[in-house]
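K.L.:
got a predicted structure here, sequence first:
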Amino acid sequence: MLDRLYMLVPKEALMKERFEMTEPDSFIQGNKTLVKNFGVILKQIRREQRHLQKFLTKELATPAGVEEGRLVLGTKLSRTQVINAFQNYAKQYVLCGTCGKPDTHFEDVQGIKVLKCEACGARTAIKKI
C-alpha cells in the first residue's frame, strides 16, 4: 500500500533539493554584458549587492557595476560563463555545505566570517573575496 501511495505523490514533492536559483538573464550590448534580473537574484539568495558584485568582478576578471537595477559587466561574456559564475557564488556563499539548503546568513565569529545555516545549525568558514 505504501508503494501505491508513493506512486500517487507528485515527483516534485519527492525531490530533496528545493532551491533553484533564477537563471541570470544576460545579453551583450556593445562591448558589455548586461544581466537584467540581477535584483531578482539578489532577493532570492538574500545577499548584499556589493558582495555578489565583488565576487563576480573577481570570478569573471572584469569590472562590474549596477545601473537601473541591472548588472553591467565590462566585457563580452557568454551566457554560460555568466550562469557558471552565479552558480559558483551560490555554492560558496549561499548553500549550506552540510545540508545543501539555501537558508543561510553570514555571521562574524571572533573575526572570522562564517556561513550559518538556519535549517541545520551548521557553521562553515567562508573565504574572503
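P.N.:
Thanks, I have the structure now.
K.L.:
what packs against the longest helix out of those in the chain?
P.N.:
If you go by DSSP state H, the chain has its longest helix at helix 79-93. Under the contact definition 3 or more CB pairs under 8 Å, 6 or more residues apart in numbering; DSSP states H and E, helix 79-93 sits against strand 26-29, helix 38-45, helix 49-60. Yep, even glycine has a C-beta here, placed from its N, CA and C like the rest.
K.L.:
alpha carbons only: can I get the first one in PDB?
P.N.:
Once non-C-alpha atoms are left out, strand 26-29 reads as follows in PDB (Å, rounded to 0.1, in the frame of the first residue of the first chain):
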ATOM      1  CA  SER A  26      22.100  38.100 -19.700                       C
ATOM      2  CA  PHE A  27      22.700  39.700 -23.100                       C
ATOM      3  CA  ILE A  28      25.500  41.500 -24.900                       C
ATOM      4  CA  GLN A  29      25.100  45.200 -25.700                       C
END
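K.L.:
packing partners of that strand?
P.N.:
Packing partners of strand 26-29 (3+ CB pairs under 8 Å, 6+ apart): strand 32-35, helix 79-93.
K.L.:
if you set the cut-off to 10 Å instead, what comes out?
P.N.:
In terms of contacts (3 or more CB pairs under 10 Å, 6 or more residues apart in numbering; DSSP states H and E), strand 26-29 is packed against strand 32-35, strand 70-73, helix 79-93.
K.L.:
again with the second one
P.N.:
In terms of contacts (3+ CB pairs under 10 Å, 6+ apart), helix 38-45 is packed against helix 49-60, strand 64-67, strand 70-73, helix 79-93.
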